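J.: Test case, fold it:
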Amino acid sequence: KKNPMKIWTSNWLNSDDWNQLQLLDIAGLASSVIFHLAVIVLFHKFNIFKKVHKIWKYGSRLKRLLCLLFISLAGVTNLASKLKSFSPSTNVFLHLVILRLLLLAIITPSSVLLEWIAFQCFLVYISFWKSLLLSIFYCCSSTISRDQTLKYLEFLALKNEEMENVRMIVNDLYHSVKTQLEIESHHTTELLPTGSLFEGFGKPLHFPQLPSNLGTDFDIMFAFRKVDLDIEFIMKDQEFLHIFALTSNCSLLNQLQMYDEGSQASKLSSVKAREMMKHVVNSTSEMQQNFFQSFIQNLFPFLFNTPQLSKFKINQTKSSGTATQYSVLEGNLYKAQDWHKTMDCDFLLSIELGEWPATAGEWVTMNRNWPTTEVVFQVVQSGCQAVPKSDLTNDQFCWRLSFSRGEQILSKHVPANARLAFLAVKLAWKQELKPACSKLKSYHIKTMFYHFLENADKEALEVNGLEIIYKSLICFLVASLKKRHIPHFFIRSVNLMEKDPMTSKEISVCVAFFEKLERHEILNVFCSSSKSEMMIQQFRQNHFYLHILGTFLLIIVNAVFTCAGAAAYFIIFLMVVALLICFLYSSVIYIPVLVVLYLIYKLIECYKSRQRR
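T.: Predicted structure coming up:
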């Protein structure tokens, strides 16, 4: 019946002796903590915090004002509840149950919201001081040199020598999948690495990278040649085609073809092609989990009860769009946060058509500044592929034209500064815009980038600095989004924005983001942690001995604050013990009340059921 820690603020609660009503009131205060935690869990489960953040960051001016008004109302409500004092009541049920529950239902959600906002403000405050200290640490200058910025932009993607090494690694890793596919199809196939990774617009996930990065997966295409198959194709529209099987004496065609009642002919099914690719990946022994090896590796941690030293691998295979997605997760049984992807790869089955499609004929002869005639000839000679992708009508016999080889050829002829500008825009999109507007894909941005190069003056791209090209590219993106028109780079009659149309709200969010991006320097595409790392690296290069001295000072300061933190944790532990004791008091009130309410509910239900009879 004592309050040794004086953790309650009410003066009448800090008296030496507590009577029964005061003990019950303390129990009510303690139980409010449980309700507070429950509201935090609910807010997290229903993404309330993310929605508020999204409205504040990407919403219209009206929505921001409404959000600010709601936050102000929550603040006023909580302030009023703190100023209002309640004296002990003789009516226990009214004061401790009804009134307290009513106040908790009104005040607690707004309190949780204000706490989250305060926490976000605290993070901004910490980031500000961290940047300020780094600026002072870096000779009172927060700027990062132009060479350092260029260096880290180049670090976002693979260099030519790295790309060749990765290509060889991919060929070694997935040759087994190629072999398994050839065994099941009885046809030779070509392993073709594609995607942004091999176009020089990203890096593998497991490569060393900055916190701001363009980590991406491997895209592996297995291409069968049309000349080896007894097939013909007919274009359904500008981009999609139907492939007809002309024979039944082919193992591959037998696995892919289905009879189409509408055309009275056998066609290759894109659905069956995706299923076949998934089956091949799952059947490849090298892609399966080795349980015996995993058991041997984790025998020691199991025997000595050290789960943090364990290491497990989980292989996952699932269908995703046109491809089969294969990923490898690694982690231990001690912390769920330690699990991470060490491999992520999309496998795609395709058919080389061996000719340039008529629907892309306009691209060959049009006037342009980029690419050159020689490059255009190389792209046309590379032909195109058919990949198993249904159209908007979900026609299972539809295949889509793909220009993966041509896109790789184009990527090799992108001017150096233009490439860096595109990487900067793509990084900003990935970090901030992608979570807010999922309909704007990286393929859309790359297509607009190629249109920008096609219309830009070649000499200007070579002479102008990176900042000018960066801002010009953003202006071009904004103009294209406002027109709602992003033509397919090779098939100009196809508008990419018509496939998954964006609403006016989504367009305005994207436009506002890019306009805001244009007003800032290119360095701002990196997050604060990346900029901090860049500043430290630059400082270490320019002032090596000062960097070592600063590191020792930071170690000493951390040691001091660790001791202070240990003392604070001990005090918090004592407070938690006091709260647990109070929770025992709360159970005296709330458990009987809940039981009584439940019994009343059951009696009412029984009474209603008898009335119906």
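
J.: contacts, neighbours, all on C-alpha from now
T.: Fine.

J.: Which of the helices and strands in the chain ranks last by mean pLDDT?
T.: When each helix and strand of the chain is scored by mean pLDDT, DSSP states H and E, helix 92 comes last, with a mean of 54.

J.: where does the stretch 151-300 of the chain have low pLDDT?
T.: Low-confidence segments of the stretch 151-300 of the chain (pLDDT under 70): 208, 210-212, 285-293, 295.

J.: how about 80 then?
T.: The stretch 151-300 of the chain contains residues with pLDDT under 80 at 160-162, 164-165, 169, 172-173, 205-213, 285-300.

J.: Do you have the helices of it handy? List them.
T.: In the stretch 151-300 of the chain, the helices defined using DSSP state H, counting those that start in this stretch lie at 160-173, 175-185, 251-256, 270-283, 291-297, 299-303.

J.: Let me know which of the ones you listed is tucked in deepest.
T.: Compared across those, helix 270-283 shows the largest average neighbour count, a mean of 20 (mean count of other Cα atoms under 10 Å).

J.: what's that helix packed up against?
T.: Counting contacts by 3 or more Cα pairs under 8 Å, 6 or more residues apart in numbering; DSSP states H and E, helix 270-283 packs against helix 175-185, helix 251-256, strand 312-320, strand 323-331, strand 340-352.

J.: List of residues touching the shortest one?
T.: Residues lying outside helix 251-256 but in contact with it, judged by Cα atoms under 8 Å, 6 or more residues apart in numbering, are 184-187, 245, 247-248, 268-270, 272-273, 276.

J.: Tabulate these in TSV, adding columns for distance to Cys345.
T.: Formatted as TSV, the contacts of helix 251-256 follow (distance: Cα to Cα, whole Å):
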residue	distance to Cys345
Glu184	21
Ser185	21
His186	24
His187	23
Ala245	30
Thr247	33
Ser248	32
Leu268	25
Ser269	23
Ser270	20
Lys272	20
Ala273	17
Met276	16
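
J.: For this structure, which residue occupies the most central location?
T.: Pro435 (6.6 Å; Cα atoms, centre = their mean).

J.: That one: which element?
T.: Here Pro435, judged by DSSP states H and E, is contained in helix 434-436.

J.: so after that helix, what's the next helix or strand?
T.: Following helix 434-436 toward the C-terminus (DSSP H and E): helix 442-455.

J.: separation between Leu597 and Ser609?
T.: Distance of Leu597 to Ser609, given as Cα to Cα, to the nearest Å: 19 Å.

J.: I misspoke; the intended subject was Thr562.
T.: 64 Å.

J.: got it, and Trp339?
T.: Distance, Trp339 to Ser609, using Cα to Cα: 53 Å.

J.: neighbour count winner among those two?
T.: Taking neighbours as other Cα atoms under 10 Å, Trp339 and Ser609 compare with Trp339 leading, 17 against 10.

J.: Looks like the more buried one contacts Ile314 (just checking).
T.: No - look at Trp339 against Ile314 with Cα atoms under 8 Å: they stay out of range, at 9.9 Å.

J.: Which neighbours do the two have in common?
T.: The contact sets of Trp339 and Ile314 overlap at Leu329, Glu330 (Cα under 8 Å, 6+ apart).

J.: Give me the below-cutoff pLDDT ranges for the stretch 1-150 of the chain.
T.: 1-35, 53-64, 77-107, 122-149.

J.: do that again at 70, thanks
T.: Filtered on pLDDT under 70, the stretch 1-150 of the chain yields the residue ranges 1-31, 57-60, 82-100, 125-146.

J.: Glu355: neighbouring residues, count only.
T.: Other residues within reach of Glu355, judged by other Cα under 10 Å, total 13.

J.: could you redo the helices of the stretch 151-300 of the chain as TSV and give each row distance to Leu481?
T.: Output for the helices of the stretch 151-300 of the chain, formatted as TSV (distance: least, Cα to Cα, whole Å):
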stretch	distance to Leu481
helix 160-173	32
helix 175-185	40
helix 251-256	39
helix 270-283	31
helix 291-297	50
helix 299-303	55
